[in-house]
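Engineer: Fold the following.
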Amino acid sequence: IEAYRALVALVGPRGVTVIPVLTGTTLVGFLRHLALWQAAGYDLTRMDTVIGVGALVGRAPAEAADIIRALHAAGVRRMHGLGVKGRVLELVGPLLESVDSASWSDEARREAEESGDEGLCPHNLVKFERNCRVAATAWAARQVGYAAGAQVQEMLPI
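Structural biologist: Numbering: from 1, shown residues only. Now for the predicted structure:
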């Protein structure tokens, strides 16, 4: 929270948007962090910018989805899922405004290596498929499809 405050003060006049990030080791920890932001004078349920939701990578998809549902129930509406993809999007995609993930690069590299191309880009746009915009775009389209098909069961407001 203090780092956020310092960054906003540092870049504010330059027109750069700095987003707050919620994190925790447990669902309760995420809610506790939300309360800490509130106590510090930042109501993340009313901010105009997206709120980053971190520490989701490596969690079971159901656990990550529960965290996103709980934050939504607590009033956080504009969420950016850090490292969110696939099954999590199938579960709660519509509750997220945006996501990012580096998984597309690993997936593209593995697929190219498995096809015997030693990771080289079959589109001849870059040397390695892990850097290919065609692979990135195809991966992103699959993620959008996951989110579009989601049937979200929201939690009651906290």
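
Engineer: out of everything not next to it in sequence, what's closest to A148?
Structural biologist: Of all residues not flanking A148 in the chain, G93 sits nearest, at 7.2 Å (Cβ to Cβ, 6 or more residues apart in numbering). For the C-beta atoms, the positions are set from N, CA and C on the backbone; glycine is no exception.

Engineer: That neighbour reaches Q151, doesn't it?
Structural biologist: No. The criterion here is Cβ atoms under 8 Å, and G93 misses it with Q151 at 10.0 Å.

Engineer: Those two: which is more packed in?
Structural biologist: Taking neighbours as other Cβ atoms under 10 Å, G93 and Q151 compare with G93 leading, 23 against 8.

Engineer: do you know how far the more buried one is from L71?
Structural biologist: Relative to L71, G93 is positioned 15 Å away (Cβ to Cβ, to the nearest Å).

Engineer: A148 contacts E90, doesn't it?
Structural biologist: No. Look at A148 against E90 with Cβ under 8 Å: they stay out of range, at 9.7 Å.

Engineer: Which one's more surrounded, the two?
Structural biologist: Taking other Cβ under 10 Å, A148 and E90 do not tie; E90 has more neighbours (19 against 11).

Engineer: Using the three-state scheme, assign the spatially most central residue of the chain.
Structural biologist: Nearest to the geometric centre of the chain sits G81, at 1.8 Å (Cα atoms, centre = their mean). Under DSSP: H, G, I helix; E, B strand; the rest coil, G81 falls in the strand class.
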